[in-house]
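# Fold the following, please.
(one chain, ligands or ions: 1)
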Amino acid sequence: MQKEKTTQMTIIPDFLIIPGQVIFSPKLQPLDHKVYGVIYWLHSLKDGRCSASNIYLARVCFPCEKDNEKLKTKARSVQNSLTRLENNGFIQRIFRDKAKKMRGEILPLVSYRVSLNDDTVSSNNDTKVSSNDDQISNISISKSKDIVASATSPISNYKNPCFKDGCKKEAMRGKRFCSEHQLMNLAQFVTWCKESNQKHIEIIGEWAETVKPNFKTVAQWQAYINRNLRPAKALIPFDREQLEAGFERIEKGIKEGWLTEYSMETLFKFITNANK
Ligand SMILES: [Zn+2]
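From the prediction side, this is the model:
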């Protein structure tokens with residue numbers, strides 16, 4: 001009983017840091033904010049990584065809930081929050097198996113850190129980060145000694161270095177890594193393209209969904225877009241039905257084996273020939 005009580009006590013964070021981007025996103029729900037704050041707390045302030053289970057996250061988000069059955073229901077709500085947070089680019093779940101059953105870690109992608117460069121820290125800031133200064137106890141819980149951010153600064157003004165060891169590049173806006181180190185798989189790329197309001201990007205997404213290239217980073221996908229920009233733009237005038245028919249023919253050709261060499265130009269040819 002005593003032990004149970006201590007466990008419950010220790011998992012309540014002193015502070016939750018929730019980025020404005022998360023709080024003000026119209027695509028998220030209130031619980032999502034708390035879940036993000038807890039992931040960020042575990043990852044950046046407490047354990048150095050967030051490998052917590054859904055039930056653990058539910059316990060932290062609902063510290064007053066002691067009923068195990070109700071906590072299981074809360075854990076399912078947490079699961080939905082994670083999906084929304086990931087679909088909107090705020091977190092990334094890393095799995096240890098292909099079936100995505102075993103979760104290794106959750107990475108928060110909006111960071112509070114600003115600069116890793118010590119010479120940008122003024123003497124004033126140096127005093128601020130000393131750990132025995134009572135006034136800044138909320139800042140000193142961080143492991144990073146160079147947090148100089150004010151929570152009111154717009155994210156776009158942040159100098160936010162890539163988290164990859166040794167990488168000197170700037171992290172992507174609202175992300176932890178630069179485009180070379182920021183991971184993106186096919187499914188994430190396709191989702192991203194679908195949400196674009198530019199027709200040629202949507203077409204490139206559909207093309208990727210059809211031919212399934214195996215790229216892993218944002219930079220690789222950016223290069224992929226650039227390579228396909230011209231043929232994708234040439235496809236803008238065609239309507240949905242014509243495009244569908246072209247994609248279907250490509251898919252059929254790959255499946256049946258008579259189409260081995262193909263590019264977006266092939267798609268263009270298929271569509272224009274079908275018109276004649
Ligand atoms: Zn990098």
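# Going by C-alpha atoms from here, please, whenever you check contacts or count neighbours.
Noted.
# residues from the chain in reach of the ion?
Neighbours of the ion within the chain, by C-alpha under 5 Å from the ion: 162, 167, 178, 181.
# okay if I get those residues as TSV plus secondary structure?
Listed next are the residues of the chain next to the ion as TSV, based on DSSP: H, G, I helix; E, B strand; the rest coil:
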residue	secondary structure
C162	coil
C167	coil
C178	coil
H181	coil
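# Would you mind listing which of those residues are buried?
162, 178, 181 (16 or more other C-alpha atoms under 10 Å).
# can you pull the contacts of the last one?
It refers to H181. Going by C-alpha atoms under 8 Å, 6 or more residues apart in numbering, H181 touches 162, 164, 217-219.
# Mark which of those residues are buried, thanks.
Buried among those (16+ other C-alpha under 10 Å): 162, 217-219.
# In the chain, what residue comes closest to the ion?
C178 (4.2 Å; C-alpha to the ion).
# OK, contacts around that residue?
If you count contacts by C-alpha under 8 Å, 6+ apart, then C178 has 161-162, 169-172 around it.
# Nearest spatial neighbour of it, chain-adjacent residues omitted?
Spatial nearest neighbour of C178, excluding adjacent residues (C-alpha to C-alpha, 6 or more residues apart in numbering): A171 at 4.0 Å.
# Report how many residues lie close to the one you found.
Residues lying near A171 (other C-alpha atoms under 10 Å) number 23.
# As a check, name the ranges of all strands in the stretch 1-150 of the chain.
Ranges of strands within the stretch 1-150 of the chain are 91-95, 103-108, based on DSSP state E, counting those that start in this stretch.
# List the buried residues for the last one?
So the one you mean is strand 103-108. 104-108.
# Flag whichever of the residues you listed scores worst on pLDDT.
Checked by pLDDT, these have G104 as the lowest-scoring entry (82).
# what bridges to the residue nearest to that residue when sequence neighbours are not counted?
The spatially closest residue to G104, leaving aside those adjacent along the chain, is F95, at 5.1 Å (C-alpha to C-alpha, 6+ apart). Beta-bridge partners for F95, by DSSP bridges, are R103.
# How many residues are close by F95?
Using other C-alpha under 10 Å, the number of residues around F95 comes to 14.
# Please apply the same query to the one 5 residues further on.
Applying the criterion other C-alpha under 10 Å, we find 11 residues in the vicinity of K100.
# can you check H200 too?
The burial count for H200: 22, using other C-alpha under 10 Å.
# What of the one 4 residues further on?
Residue neighbour count, defined by other C-alpha under 10 Å, stands at 23 for I204.
# residue contacts, Q198?
By C-alpha under 8 Å, 6+ apart, Q198 has no neighbours at all.
# Backbone dihedrals for it, both of them.
Main-chain dihedrals, Q198, degrees, to the nearest 10: phi -100, psi 120.
# Ok, A223 next?
Dihedral angles for A223 - degrees, to the nearest 10 - are phi -60, psi -40.
# Look up how far R84 lies from it.
According to C-alpha to C-alpha, to the nearest Å, A223 stands 27 Å off from R84.
# again with D239
The gap separating D239 from R84 is 31 Å, by C-alpha to C-alpha.
# More neighbours: those two, which one.
R84 (17 against 9).
# doesn't P30 make contact with the more buried one?
No. Using C-alpha atoms under 8 Å, R84 is not in contact with P30; the gap is 11.4 Å.
# Excluding sequence neighbours, find me the nearest residue to G174.
V110 (4.9 Å).
# Please tell me the pLDDT value assigned to the one you found.
So V110 comes in at 81 (pLDDT).
# before we move on, what about I201?
95.
# Who are the contact partners of it?
Per C-alpha under 8 Å, 6+ apart, neighbours of I201: 193-194, 225, 232.
# Give me the subset of the residues you listed lying in strands.
Per DSSP state E, strands hold no members of these.
# what's the average pLDDT for stretch 80-95?
Stretch 80-95 comes out at a mean pLDDT of 91.
# and that stretch, how far apart are its ends?
Per C-alpha to C-alpha, the first residue of stretch 80-95 is 17 Å away from its last.
# what does stretch 24-44 give?
22 Å.
# What distance do you get for A223 to M264?
According to C-alpha to C-alpha, A223 stands 15 Å off from M264.
# do N273 as well
14 Å.
# Which one of those two is surrounded by more residues?
M264 (23 against 10).
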